[in-house]
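S.K.: sequence and predicted structure below; questions after.
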Amino acid sequence: MAGRDGMAGRDGMAGRDGMAGRDGMAGRDGMAGRDGMAGRDGMAGRDGMAGRDGMAGRDGMAGRDGMAGRDGMAGRDGMAAGVLLYCRQTPTLIKGWTASMSTNNAMPATIGELRDSGYQSVSVREEIRRNLIAKIRSEEPVFPGIVGFDQTVIPQLENAILAGQDIILLGERGQAKTRLIREMVNLLDEQLPVIAGSELNDDPYSPLSPDARQMVADMGDDTPVAWIGRDMRYSEKLATPDISIADLIGEIDPIKVAEGRHLSDETAIHYGLVPRTNRGIFCINELPDLAERIQVGLFNLMEERDVQIKGYRIRMPLDVFVVATANPEDYTNRGRIVTPLKDRYGAQIHTHYPQTLDEEIAIMDQERNRFPDEDRVVVPQFMTDIIAEVTARARSSNEINQRSGVSVRVSIANYETLISNALRRSIRLGEDIACPRISDLPFLVASLGGKIELETFGEGREDRLVEDLTKRATLGIFGRYCTVDNLDDIVTSFDLGNAVETGNDVPAAAYASALDNVDGLSAAVTALVGDDKRPEVVASAVEFVLEGLHLNRRLNCARTPAGGYRYAR
């Protein structure tokens, strides 16, 4: 049961100088033995859960054929693969590799294997530029999901990338600035080799951090290599007043000092976001909000491509692609971009709101919240057009502070509110489908009011403004679908004493009587919705026609005691 100098012998429970022997629970000078739970001088053994001289498997976090792999987080025939530190994904997916690498089923796991594979390191700018060129040549969308920038913003952005310039996107709120930058991540290679365990995504051929340099000096070509995905190479920071140089660049780590490291030791540094994004893309959102003294700290990063850490005579030549977003300075009034920093950005690109109604609608439909039961929702095209037109009218209204802008989020939120109110009505009335109507538009005050800034303040102004915007939008869209002079039969029918009551809570079936009693109304509805005879769709078309005639001063409209509307002459 016990071996030499220990508690158990070979094939027993304990081994020489340890707690367990070979093939047992603990090994020589350690806690467990070969092929057991722990290895020599370490906590776990070769081919087990952890490796020789360490906490995990050989040169990595776990062992071969175990829970994780050599030099990485996942192992051969183990629990993980893909974009981890050790993978079985075919290397042909990685751009820039030589053809000979496609014969190997595993990523290079050491610097020596990486060098033998023919891999060559390139700067992040060259990498992004190369992948952009490949996308353009293959006619693949470079920024999928971005609507309305094809002839304006995207060409400028592509030019800046091809030139290797740092970029600042200047525009009002809700103009897809951050989304554009996040889409740039797809221009990075799918995977990138780094020295395993390094803090700064160190290049295996040219390590930057002191720990990585020491590892290469000690292990040479046997230095383990890890593979990281493109998402791990992007960092984003929202500029707030409390940001410090330590957050972005780095500072002395008091915990490391307390552990015994000297203040002059470079390894006592805790690196900030910028160094940790080495060989990647770093984004600062709302750059003018960053304190001017912090902006000054970015000068070296933008020009000399290095950073200086407080209290240390070191410079770190980082490989970082820097992008930023900002609102126009004449609006924010919270700060400014200092001139020397602005001068260091290679390209300043202005974004804009959708320039056509179709672009606005495409964004609305793409970005709105969706739910599994929406097969019951039917939105007539004229109602969708009205929502987009409301936003367009708001952007030209002199009652709204145009310096703050009217975001596309206004259209998206209004569209969602319109649909939700129709759905609520269909549930309460037990109708088969949810179809928005003109009488749903007053409910937009909840989604529109909080997203605009009025030039003057006053009680009830938002409600009156929403009503005015929806009426003007409805009038404009009505003119695109109908010709008032062709609806004289409807007006004549009302002259004979007919009247129609509508409202948000009026059942769709109640509108059938209007079609029977008002001459010409059925033909006008058919022209709008075609052969769709569903009561909910017909009710929406009826309200659109009646409201259009009212706004053209052909019919009168009065509120009813029940909160609905009564159209008459």
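M.R.: Nice, thanks for sending it over.
S.K.: which residues sit against the host helix or strand of Asp365?
M.R.: Asp365 is located in helix 357-367, with elements delineated by DSSP states H and E. Helix 357-367 is contacted from outside by 145, 147-148, 354, 384-385, 387-389, 391-392, 408, 411-412, 415, using CB atoms under 8 Å, 6 or more residues apart in numbering. Backbone N, C-alpha and C define where each C-beta goes, glycine included.
S.K.: and it, what's buried?
M.R.: Leu357, Glu359, Glu360, Ile361, Ile363, Met364, Glu367 (16 or more other CB atoms under 10 Å).
S.K.: show only the entries of the contacts of helix 357-367 found in helices.
M.R.: Thr384, Asp385, Ile387, Ala388, Glu389, Thr391, Ala392, Val408, Ser411, Ile412, Tyr415 (DSSP state H).
S.K.: just among those residues, which is most surrounded?
M.R.: Ser411 (31 neighbours; other CB atoms under 10 Å).
S.K.: give the closest residue to that one in space, chain neighbours not counted.
M.R.: Thr391 (4.4 Å; CB to CB, 6 or more residues apart in numbering).
S.K.: still on that earlier bit, which one of the ones in helices among the contacts of helix 357-367 sits closest to Ile294?
M.R.: Distance to Ile294, by CB to CB, is smallest for Val408 among the ones in helices among the contacts of helix 357-367, at 30.4 Å.
S.K.: against Thr391, how distant is that closest one?
M.R.: According to CB to CB, to the nearest Å, Val408 stands 7 Å off from Thr391.
S.K.: and the residue nearest to Gly174 when sequence neighbours are not counted, what's its pLDDT?
M.R.: In space, and not counting its chain neighbours, Gly174 is closest to Ser407: 2.6 Å by CB to CB, 6+ apart. pLDDT recorded at Ser407 is 91.
S.K.: I'd say Ser407 and Ala176 touch.
M.R.: No. Applying CB atoms under 8 Å, one finds Ser407 not in contact with Ala176, separated by 10.2 Å.
S.K.: put the alpha carbons of the helix holding Asp365 into CSV.
M.R.: The C-alpha coordinates for helix 357-367 follow below in CSV (Å, rounded to 0.1, in the frame of the first residue of the first chain):
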residue,chain,number,x,y,z
LEU,A,357,-38.6,56.5,-47.8
ASP,A,358,-37.7,53.0,-49.1
GLU,A,359,-34.5,53.0,-47.2
GLU,A,360,-36.2,54.1,-44.0
ILE,A,361,-38.8,51.3,-44.4
ALA,A,362,-36.1,48.7,-45.1
ILE,A,363,-34.4,49.7,-41.8
MET,A,364,-37.6,49.6,-39.9
ASP,A,365,-38.5,46.1,-41.1
GLN,A,366,-34.9,44.8,-40.5
GLU,A,367,-34.4,46.2,-37.0
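S.K.: can we start the residue count at 414 from this point?
M.R.: Sure, I'll start numbering at 414, so the last one becomes helix 770-780.
S.K.: what about that helix, average pLDDT?
M.R.: Averaged across helix 770-780, the pLDDT comes to 96.
S.K.: the closest residue in space to Thr690 that isn't next to it in sequence and Arg783, how far apart?
M.R.: The shortest distance from Thr690 to any non-neighbouring residue, by CB to CB, 6+ apart, is to Ser648 (4.2 Å). Ser648 sits 30 Å away from Arg783, going by CB to CB.
S.K.: neighbour-wise, which of Ser820 and Ala589 wins?
M.R.: Ala589 (25 against 19).
S.K.: can I assume the more buried one is in contact with Phe562?
M.R.: Yes. With contact defined as CB under 8 Å, Ala589 reaches Phe562; the gap is 7.4 Å.
S.K.: which residues do these two both contact?
M.R.: Thr764.
S.K.: residue ranges with poor pLDDT in the chain?
M.R.: Counting by pLDDT under 70, the ranges of the chain that qualify are 414-518, 723-726, 742-747, 870-873.
S.K.: show me how it divides into domains.
M.R.: 414-468, 554-596+647-763, 767-982 (automatic domain parsing).
S.K.: in CSV, list the ones you listed along with distance to Asp634.
M.R.: Converted to CSV, the domains of the chain look like this (distance: least, CB to CB, whole Å):
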stretch, distance to Asp634
domain 414-468, 19
domain 554-596+647-763, 21
domain 767-982, 50
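S.K.: what's the most buried one of the ones you listed?
M.R.: Burial of the domains of the chain is given as mean neighbour count (mean count of other CB atoms under 10 Å); domain 414-468 ranks first at a mean of 21.
S.K.: on that earlier part again, who are the neighbours in contact with the residue nearest to Gly587?
M.R.: Glu585, Arg586, Gly587, Gln588, Lys864.
S.K.: OK, contacts around the residue nearest to Thr690?
M.R.: Leu686, Val687, Arg689, Thr690, Gly693, Ile694, Phe695, Cys696.
S.K.: tell me the secondary structure for the last one?
M.R.: When the structure is split into helix, strand and coil by DSSP: H, G, I helix; E, B strand; the rest coil, Cys696 lands in strand.
S.K.: bridging residues for the closest residue in space to Ala912 that isn't next to it in sequence?
M.R.: Nearest residue to Ala912, sequence neighbours excluded (CB to CB, 6+ apart): Ala981, at 4.1 Å. Ala981 forms beta bridges with Asn969, as assigned by DSSP bridges.
S.K.: verify the stated contact: Ala981 with Leu968.
M.R.: Yes. Using CB under 8 Å, Ala981 makes contact with Leu968 at a distance of 7.0 Å.
S.K.: name the residues contacting each of those two.
M.R.: Contacts common to Ala981 and Leu968, judged by CB under 8 Å, 6+ apart, are Phe907.
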